[in-house]
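Asker: how would this look folded up:
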Amino acid sequence: QVHLVQSGGGLVQPGGSLTLSCTVSLSGREFTRFGINDMAWYRQAPGKQRERVAIIFSDGSSEYDDSVKGRFTISRGVGENTAQLQMSQLKTDDTAVYYCKIQQLLPHGVLVPYWGEGTQVTVVS
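Answerer: Numbers count the residues shown, from 1 in each chain. Down below sits the predicted model:
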């Protein structure tokens, strides 16, 4: 089985900082045989579609949505089963539920997605 546990989030004033963490737990032979291709953070604001904020690949490269470039930083832990999203210079527009997502790489290039339960980030004066 694959479990994603998120932590962090909360309430912060504009200009403040928060860090989100995601820990991936793999158990069972069928799940531990294959690696994690990428880890990403998405967010969904009320009335809006879910959007990808940042992604980091197994080679260490990363990509960011234009709205967060220069303010957010995604990283993976030493064991590579954890991911963090450091958020700074937060704006009210960053208010959303943030989701961690991983994709596990199976044979023949098949990618299987798994999602975290989501955590609320609220930026308010």
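Asker: where do the strands sit along the chain?
Answerer: 2-8, 10-12, 18-26, 36-44, 51-57, 62-64, 72-76, 82-87, 96-105, 111-115, 119-123 (DSSP state E).
Asker: bridging residues for the spatially most central residue of the chain?
Answerer: Ranked by distance to the mean C-alpha position of the chain (CA atoms, centre = their mean), the top residue is Trp41 at 2.6 Å. In this entry, Trp41 is beta-bridged to Ala54, Cys100, by DSSP bridges.
Asker: may I see the strands of the chain organised as JSON lines, with mean pLDDT added?
Answerer: Converted to JSON lines, those look like this (pLDDT from 0 to 100):
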{"stretch": "strand 2-8", "mean pLDDT": "91"}
{"stretch": "strand 10-12", "mean pLDDT": "97"}
{"stretch": "strand 18-26", "mean pLDDT": "91"}
{"stretch": "strand 36-44", "mean pLDDT": "94"}
{"stretch": "strand 51-57", "mean pLDDT": "97"}
{"stretch": "strand 62-64", "mean pLDDT": "98"}
{"stretch": "strand 72-76", "mean pLDDT": "96"}
{"stretch": "strand 82-87", "mean pLDDT": "95"}
{"stretch": "strand 96-105", "mean pLDDT": "94"}
{"stretch": "strand 111-115", "mean pLDDT": "93"}
{"stretch": "strand 119-123", "mean pLDDT": "98"}
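Asker: next, count neighbours for Ser25.
Answerer: 11 (other CB atoms under 10 Å). (Each C-beta comes from the backbone N, C-alpha and C, glycine too.)
Asker: many thanks, have a good one.
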